[in-house]
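# Could you look at this predicted model? Sequence included:
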Amino acid sequence: MKVAIFGSGIIGVASAWWLKQAGHDVVVVDRCSGPARETSLANGAQISVSYAEPWANPQAPLKLLKWMFRDDSPLLFRPQLDWRQWMWGLAFLRECLPSRLAPNIRAMVRLAEYSRSTLQGMRRELGIEYNHLERGILNFYRDPEEFEGSQRAAGLMRDFGVERRIVSADEVVAIEPALAPHRAQIVGGDYTPEDETGDIHLFTVELARRCEAAGVQFRFDTQVTRLLTAGGQIEAAEIIGSDGLYGQIKADAYVAAMGSHTPHLVRPLGVPCNVYPAKGYSATFPVRDPQGAPMVSLTDSSYKVVFSRLGDRLRMAGTAELAGYGRGLNTTRCEAMTKLARELFPDALDFENVSYWSGLRPSTPSNVPIIGRTRIPNLFLNTGHGTLGWTMGAGSGRVLADLISGRKPEPDFPFIGL
């Protein structure tokens, strides 16, 4: 078949790769001038299978109320005059019910594990270099009550077969010596040795090059304006090309992998897609003292931020704003991130040349992505991965290729349309 994919982030490019491997003719369309220019550009770099947990849990509503008026809070909800935000919020509250937690974690972990294995296989086969490290992820705690609660969460993850090891404060420092100056503040941690890190942008760009060499066509600087239907199916995609002129792309199957913007394309057709943007921030610092900067990927549980080493850079990322589609930087958040990095690694980083960024994470209320066939038989969705797009990207592309090819995907997951 000929398959048209809309979006060239990690999800769209991975879908293109696996569809091409399955023998299909593939065209990828993106409004940007190259692959991975939006949400797949500068994220936290973690392949965090062991932390594939939903934001929606029984404790979340109270935390949201507490954080609502703090500009530097980890999760910030800014009410908008937007019915889509309110519908998403109501669905989020429903997913906070205790009965929803285990099914959501199970689905997320299964897809995340499959995706990590898929990524490892692609790395071996394709030889892509993307500053990847296989040193695990270390989550450290400063608050005894929070540390105690984390042990229950770790136990739940172990029930799903995930190795998440509780470690003492001394063990935290032994795993990552860069935290030694802060030993007195740390009460403990948990460590997941099987998790990885790497530069999502480098990987996606290189994978797009492999796709192109294999025959995938990329059409950048091209906007998809609407999908045209006839006889209950998509007949064509209307586009505005790089020349500013309207045109059409015709295919046998169409894949919407446009992250937070996917609903804008499919909702006019009556296709449900409850995805809303959660804006995240990152700060990238040049490393001045390699010995003082961490090599193990860290999560500071108190501030809900992560640190990942990417060669001679340190990427810091975190926070989430549910406040619409704007990507403007919040100065308070940027300053808070730099302040924390300076407190933790004062002599290791170049604070004068920090690079800030924000991206719109496409989030579902349950944090379980939407993958599969819609009620329109030749329209497929691959979106809603939230903070786990990098973690789930390679596997999400592979399972979508299976679904379009009429094969049953390997992981146990609630695919739509099945």
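It's in.
# quick one: residue 280 and residue 220, what's the gap?
Distance of residue 280 to residue 220, computed by CB to CB, to the nearest Å: 24 Å. In this view, the C-beta of every residue, glycine as well, is placed from N, C-alpha and C.
# out of the two, which sits in the more crowded spot?
Neighbour tally, residue 280 and residue 220, criterion other CB atoms under 10 Å: the higher count belongs to residue 280, 23 against 16.
# Quick check: bridge partners of that one?
As for beta bridges, residue 280 partners with residue 359 under DSSP bridges.
# all numbers from here: first residue = 105
All right, first residue 105 from here; so that's residue 384.
# Please name the residues that touch it.
Residue 384 makes contact with 147-148, 421-425, 462-463, 465, 491, according to CB atoms under 8 Å, 6 or more residues apart in numbering.
# Same check on residue 279?
With CB under 8 Å, 6+ apart, residue 279 has these contacts: 240, 242, 271, 293, 295, 400.
# All the strands of the stretch 155-304 of the chain, in order from the start?
For the stretch 155-304 of the chain, applying DSSP state E, counting those that start in this stretch gives strands covering 179-181, 241-245, 269-271, 292-296, 300-301.
# Residue 375 is nearest to which of those?
Nearest to residue 375, of all the strands of the stretch 155-304 of the chain, is strand 179-181, at 26.1 Å by CB to CB.
# Return the list of strands paired to the closest one, each annotated with direction.
strand 417-426 (parallel).
# got the CA positions of the partner strand in PDB?
What follows is strand 417-426 as a C-alpha-only set of coordinates in PDB (Å, rounded to 0.1, in the frame of the first residue of the first chain):
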ATOM      1  CA  ARG A 417      26.300  18.500  27.400                       C
ATOM      2  CA  LEU A 418      23.900  18.000  30.300                       C
ATOM      3  CA  ARG A 419      20.200  18.100  29.500                       C
ATOM      4  CA  MET A 420      17.800  19.100  32.300                       C
ATOM      5  CA  ALA A 421      14.100  18.800  31.700                       C
ATOM      6  CA  GLY A 422      10.800  18.700  33.500                       C
ATOM      7  CA  THR A 423       7.600  20.500  34.600                       C
ATOM      8  CA  ALA A 424       4.300  20.400  32.700                       C
ATOM      9  CA  GLU A 425       1.900  23.200  31.900                       C
ATOM     10  CA  LEU A 426      -1.700  22.500  30.900                       C
END
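# can you tell me the average pLDDT over it?
Taken as a whole, strand 417-426 has a mean pLDDT of 92.
# circling back: looking at the contacts of residue 384, which one is closest to residue 287?
residue 422 (22.6 Å).
# Do you know the pLDDT at the closest residue in space to the closest one that isn't next to it in sequence?
Nearest residue to residue 422, sequence neighbours excluded (CB to CB, 6 or more residues apart in numbering): residue 409, at 3.3 Å. Looking at residue 409, its pLDDT reads 94.
# Quick one: residues contacting residue 132.
Taking CB under 8 Å, 6+ apart, we find residue 132 in contact with 108-109, 111-112, 116-117, 120, 312, 315, 320-323.
# On the three-state scheme, it is what?
strand (DSSP: H, G, I helix; E, B strand; the rest coil).
# just to confirm, which helix or strand has residue 367 in it?
Assigned by DSSP states H and E, residue 367 belongs to helix 366-370.
# Pull that helix out as PDB, backbone CA atoms only.
C-alpha atoms of helix 366-370 as PDB (Å, rounded to 0.1, in the frame of the first residue of the first chain):
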ATOM      1  CA  THR A 366      -3.500  15.600  15.800                       C
ATOM      2  CA  PRO A 367      -7.000  16.400  17.200                       C
ATOM      3  CA  HIS A 368      -7.100  19.500  14.900                       C
ATOM      4  CA  LEU A 369      -6.800  17.300  11.900                       C
ATOM      5  CA  VAL A 370      -9.100  14.400  12.800                       C
END
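# Having no further points to raise, I will conclude here.
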